[in-house]
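> A predicted structure for the sequence below; I have some questions about it.
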Amino acid sequence: MSEAATLAACRPSPRQQELRRVKSLVVTWLMGASALVVMTPLFLVLYFLIREGASSLDWSFFTQLPKPTGEAGGGMANAIAGTLVLLAMGAAIGVPIGVMGGVYLAEYGGEVANYWIRFAADVLNGIPSIVWGMVVYAMLVVPFKTFSAYAGGVALGLMMIPLVMRTTEEVLLLVPQSFREAGLALGIARWKIITIIVIKTALKGIITGILIALARVAGETAPLLFTALGNNFWSHNLSQPIAALPLQIFSYAISPYDDWHRQAWAGALVLMLMILGINLLVRLLSRGKSSS
């Protein structure tokens, strides 16, 4: 049989071609519908937050302290500042330990040790945030007999460590081995190769992992209930309770006052915009990394 006859015999019939087109169209529509279902909750959250909270956002919300119980007005300036303080403290703990742990896994650790460290990190990533709050409560709040910003920062920092460590490891492993070999061939010390060449090459990816960890802990409420507790005033002493947006939103949302409910929606919108901004920054860094 000639080659042309073989191709003609293998060519699908018009009915088979039409059936394939129908199947392809059905699968395409199913995938599109699935993507829409995945995105619907995000759109619903944004819709309700904007509808309920946008009208309550004004200058006083960002500059004033909460009003006394039952009194209308006020804002969440102390809670916004407290959230930034707690995130900075958490990053000061979680970022150095997480990055150095990731460097150890990618560059120094042995096969057996790395297996168990990765296993422990994956387990820690799955621990509920309220458990972290209980642990830090037993470690810092009970012995010192006071809730504090320090305890809240430690809780958030401990939650960040496993995520930063695993993302740092994965990014460092993407750096070509030839970069390390070129440095060794030039007689550069191994630690200099890691810090100057490997980490610098993977810096965008490391920062992306740090931002993802910050976005994850920014909205946590349960661990802060056990550690930072919250207050209605400016916090000038980090060894005392400190306000935070998640805590203020929780407190206002369960209150019986309509004005506090309105401010809770506004606070939730601000918190959502903060997290959304962090995720957009992650996307920009990731796009820059892939295009380079």
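Structure received. Numbers count the residues shown, from 1 in each chain.
> please state the offset of the helix or strand S286 falls within from the chain centre?
Using DSSP states H and E, S286 sits within helix 258-291. On the basis of C-alpha atoms, centre = their mean, to the nearest Å, helix 258-291 sits 11 Å off its chain's mean C-alpha point.
> again, but for stretch 132-150
In terms of C-alpha atoms, centre = their mean, the centre of stretch 132-150 is set 23 Å apart from its chain centre.
> with stretch 250-264 instead?
Counting by C-alpha atoms, centre = their mean, stretch 250-264 comes out at 26 Å from the chain centroid.
> what distance separates the start and the end of that stretch?
Start and end residues of stretch 250-264 are separated by 8 Å (C-alpha to C-alpha, to the nearest Å).
> before we move on, back to that, helices or strands next to the helix holding S286 in the packing?
Judged by 3 or more C-beta pairs under 8 Å, 6 or more residues apart in numbering; DSSP states H and E, the packing partners of helix 258-291 are helix 14-53, helix 77-103, helix 203-218, helix 245-253. C-betas here are computed from N, CA, C, even on glycine.
> buried sites along the last one?
Going by neighbour count (16 or more other C-beta atoms under 10 Å), the buried part of helix 245-253 is 245-252.
> can I get those in CSV with pLDDT and distance to P223?
Output for the buried residues of helix 245-253, formatted as CSV (pLDDT from 0 to 100; distance: C-beta to C-beta, whole Å):
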residue, pLDDT, distance to P223
L245, 95, 14
P246, 95, 10
L247, 95, 10
Q248, 94, 15
I249, 95, 15
F250, 95, 12
S251, 93, 16
Y252, 93, 19
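> neighbours around I127, how many?
13 (other C-beta atoms under 10 Å).
> assign a three-state SS to it, would you?
The assignment at I127 comes out as coil when based on DSSP: H, G, I helix; E, B strand; the rest coil.
> for I207, see how far away it is.
Separation of I127 from I207 (C-beta to C-beta, to the nearest Å) stands at 25 Å.
> pLDDT weak spots in the protein?
1-10, 288-292 (pLDDT under 70).
> does E169 really touch E107, like I thought?
No: using C-beta atoms under 8 Å, E169 makes no contact with E107, being 9.2 Å away.
> what about those two, which has more around it?
More crowded of E169 and E107, by other C-beta under 10 Å: E169, with 24 against 18.
> and that one, how far is that from M89?
As judged by C-beta to C-beta, E169 and M89 stand 24 Å apart.
> ditto for F179
34 Å.
> those two: which is more packed in?
M89 (22 against 14).
> so what's the more buried one up against?
M89 makes contacts with 149-150, 152-154, 156-157, 238, as judged by C-beta atoms under 8 Å, 6 or more residues apart in numbering.
> please pick the buried ones from the residues you listed.
149-150, 152-154, 156-157.
> which ones among those residues are found in helices?
149-150, 152-154, 156-157 (DSSP state H).
> which one of the residues you listed is nearest to V26?
Taking C-beta to C-beta as the measure, V26 lies nearest L156 of these, at 46.4 Å.
> if I read this right, that closest one contacts L87, doesn't it?
Yes: applying C-beta under 8 Å as the test, L156 and L87 come out as touching, 6.9 Å apart.
> who touches both of those two?
Listed as contacting both L156 and L87 by C-beta under 8 Å, 6+ apart are V217.
> hey, where'd the helices end up in the stretch 101-250 of the chain?
111-125, 129-136, 142-144, 149-173, 177-185, 190-192, 199-201, 203-218, 222-227, 245-253 (DSSP state H, counting those that start in this stretch).
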